[in-house]
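Chemist: turn this into a structure:
(one chain, ligands or ions: 1)
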Amino acid sequence: MKVMNTFKNSKRMVVKIGSSLLTNRKGNINKSVLKNVVSDVSTLLKKNKEIILVSSGAISLGKGKLKLNKKLSLNESQAVAATGQIELMSSWQKEFCKHNIVVAQLLLSPSDAENKKSSTNAIATIENLLNFKCMPIINENDTTSTDEIKFGDNDILAAQIARLIKADHLILLSNVDGLYKEPPINNKEAVLISEVESITNDIHAMAGTASKLGKGGMISKIKAAEICMKSNCSVIITSGQKQNPIMSLSKISTKATRFSARK
Ligand code: GLU
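Modeler: The predicted model follows:
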């Protein structure tokens, strides 16, 4: 598996952390995930890698803060995200502060990536934050946009950002180790695909099966991989539940699926 070359060759990575990984059902931050991601990012920054985080979790944290146990309408979710976003950024800020890293919040929507003026401004902002050695943390602007609330959990947004800023890697931290040939729930024999060189109908079919069983939102991850691979950006799906979720990708034994960019 080529995953072990990730850090040697990579200069700029987008790392995406989804709500179901970063928060629990009660609407609290999963502190060990937060701590582990920040620790790895800090290590990578010291190695002069450029990192951009894409983090969801605003709705989940907002529900927890407002003690809402019901299923929310789309508009209610947008409102709840407005309060949860503060909790989300506050959690990232506190953890990064322990490593003397200053964070910056960016709220974007997938349509910003398609609009020339918005995308030019977004790229310039991110480039300047990287020059200032700030940690850009991006979420969808849930007040004006609902794309990622309805589908994707920021996978597509992260891919659009990776494409815009010419990242060489997009790392999708998930609750699963990667793309399996068949659903891995209660199936120890399920085979993990370690390397994908092109996205075929078979790959789409595997993602479809996995998602129907509620295991992982693989369909949006495959779409994200399609966007990135066309822009010479490789995508890695791996579990964010382990101690060094990003750094462990340099070990050959780490379970992950890598979608290799076309050369
Ligand atoms: N922007 C949303 C959030 O932060 C993403 C959608 C989701 O994770 O459900 O909650």
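
Chemist: what about Thr125, helix or strand, and which?
Modeler: Secondary-structure assignment from DSSP states H and E places Thr125 in helix 116-131.

Chemist: any idea how far that helix is from the chain center?
Modeler: Taking Cα atoms, centre = their mean, to the nearest Å, one finds the center of helix 116-131 at 19 Å from the center of the full chain.

Chemist: flag every buried residue along that helix.
Modeler: In terms of neighbour count (16 or more other Cβ atoms under 10 Å), helix 116-131 has its buried residues at Ser119, Ala122, Ile126, Leu129, Leu130. C-beta coordinates here come from the backbone N, C-alpha and C atoms, glycine included.

Chemist: next one: the third one from Ser39, what distance?
Modeler: Looking back up the chat, that one is Ile126. 23 Å (Cβ to Cβ, to the nearest Å).

Chemist: before we move on, what about the second one?
Modeler: Here Ala122 is placed at a distance of 28 Å from Ser39 (Cβ to Cβ).

Chemist: one more: the fourth one?
Modeler: When distance is defined by Cβ to Cβ, Leu129 is 21 Å away from Ser39.

Chemist: what of Val176?
Modeler: For Val176, the distance to Ser39 equals 22 Å [Cβ to Cβ].

Chemist: with neighbour numbers in mind, choose between the two.
Modeler: Higher neighbour count among Val176 and Ser39: Val176, with 23 against 18, using other Cβ atoms under 10 Å.

Chemist: and the more buried one, that one's in a helix?
Modeler: No: judged by DSSP: H, G, I helix; E, B strand; the rest coil, Val176 forms no part of a helix; its state is coil.

Chemist: close enough to count as contact, it and Gln241?
Modeler: No: contact between Val176 and Gln241 fails when scored by Cβ atoms under 8 Å: they sit 9.4 Å apart.
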